[in-house]
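Colleague: Build me a model:
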Amino acid sequence: MIALGPAPGEVRHPVFARSFDRLSQLMEREVGGCREELLAGLRGRVVEIGAGNGINFQHYPDTVEEVVALEPEPYLRGKAEYAARGAPVKVSVHDGVATPLPLNDGRFDAAIASLVLCTVPDPAGALAELRRVLKPGAELRFMEHVRSQRPRKARLQDRLDRSGIWPLVAGGCHCARSTVCAIEAAGFLVERVRSFDLGPSWLVTNPHLLGRARSPDRGG
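Modeller: Below you'll find the predicted structure:
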């Protein structure tokens with residue numbers, strides 16, 4: 001299932017990684033319910049890209065047979081390996097980026113993209129890879145912050161991304177991506193989406209979307 005070996009290229013964000021680890025723990029009271037919703041009802045084998053410090057692991061239901069988690073940033077991957085040891089399901093953590101995925105075709109029942117599609121250099125490529133490794137009809141679950149529908153805020157997000165300021169201070173994150181459009185463009189069928197804010201609504205990383213999409217059945 002996994003083609004073991006070094007991930008192509010090296011991803012290191014030592015300052016951001018440590019800040020993210022601390023912030024995610026502090027925000028768990030607010031975000032934990034969203035993580036439960038994101039992962040509820042999953043079954044079988046699951047792939048999670050950009051697993052970060054593994055904070056999702058504790059929320060996986062016991063109906064999941066196995067989680068294959070990929071994280072290219074060394075500090076966060078170490079934290080994820082530690083979190084995997086206390087997870088309620090089997091979790092294996094690997095050094096890997098989203099494009100290409102070191103995984104065989106059509107092996108997974110679900111994929112998780114949680115606060116990661118804002119960061120990958122090639123979202124279209126990452127989504128194409130997720131579709132490749134999913135079984136026909138399998139689910140993509142996503143929780144991502146996206147470009148605002150409010151014109152003034154969207155223009156600010158666009159400027160921060162184009163200038164490189166936000167990606168520089170936020171570990172490669174982009175705050176103005178239209179993620180649902182990218183998911184649909186990759187051939188997934190979006191079935192459910194809801195919008196919510198994490199923290200103050202004025203933050204450039206709001207709004208967030210939590211949703212489910214499905215890989216087309218074979219021939220779709």
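Colleague: Who are the packing partners of the biggest strand by length in the chain?
Modeller: Secondary structure of the chain per DSSP state E: the longest strand is strand 134-145. Under the contact definition 3 or more Cβ pairs under 8 Å, 6 or more residues apart in numbering; DSSP states H and E, strand 134-145 sits against helix 28-39, strand 108-114, helix 179-185, strand 208-214. Bear in mind the C-beta positions are built from the backbone N, C-alpha and C, glycine included.
Colleague: Repeat the analysis, applying 10 Å as the threshold.
Modeller: helix 28-39, strand 44-49, strand 108-114, helix 123-133, helix 179-185, strand 189-196, strand 208-214 (3 or more Cβ pairs under 10 Å, 6 or more residues apart in numbering; DSSP states H and E).
Colleague: average pLDDT for stretch 182-200?
Modeller: If you average the pLDDT over stretch 182-200, you get 97.
Colleague: What residues sit buried inside it?
Modeller: Neighbour-count burial for stretch 182-200, counted by 16 or more other Cβ atoms under 10 Å, picks out Ala182, Ile183, Ala186, Phe188, Val190, Leu198.
Colleague: just stretch 135-143 next, same as before
Modeller: For stretch 135-143, by 16+ other Cβ under 10 Å, it's Lys135, Ala138, Glu139, Leu140, Arg141, Phe142, Met143.
Colleague: Among the buried residues of stretch 182-200, which one sits closest to Leu101?
Modeller: Set against Leu101, the nearest of these by Cβ to Cβ is Ala186 (13.5 Å).
Colleague: show me what contacts that closest one?
Modeller: Pro123, Ala124, Gly125, Ala126, Leu127, Ala128, Glu129, Leu130, Arg131, Leu140, Ala213, Ser215 (Cβ atoms under 10 Å, 6 or more residues apart in numbering).
Colleague: List phi and psi for it.
Modeller: Dihedral pair for Ala186: phi -80, psi 0, per degrees, to the nearest 10.
Colleague: excluding its backbone neighbours, what's nearest it?
Modeller: Leaving aside its chain neighbours, Ala186 sits nearest to Leu127 (3.6 Å; criterion: Cβ to Cβ, 6 or more residues apart in numbering).
Colleague: Can you get me a residue count around the residue nearest to Glu191 when sequence neighbours are not counted?
Modeller: Closest residue to Glu191 apart from its sequence neighbours, by Cβ to Cβ, 6+ apart: Arg212 at 5.1 Å. When neighbours are counted by other Cβ atoms under 10 Å, Arg212 registers 17.
Colleague: that older thread, can you name the two of the buried residues of stretch 182-200 that sit furthest apart?
Modeller: Among the buried residues of stretch 182-200, Ala186 and Leu198 lie farthest apart (Cβ to Cβ), at 24.8 Å.
Colleague: follow-up on the earlier one: spell out which strands sit alongside the longest strand of the chain in the sheet and which way each one runs.
Modeller: If you go by DSSP bridges, strand 134-145 pairs up with strand 108-114 (parallel), strand 208-214 (antiparallel).
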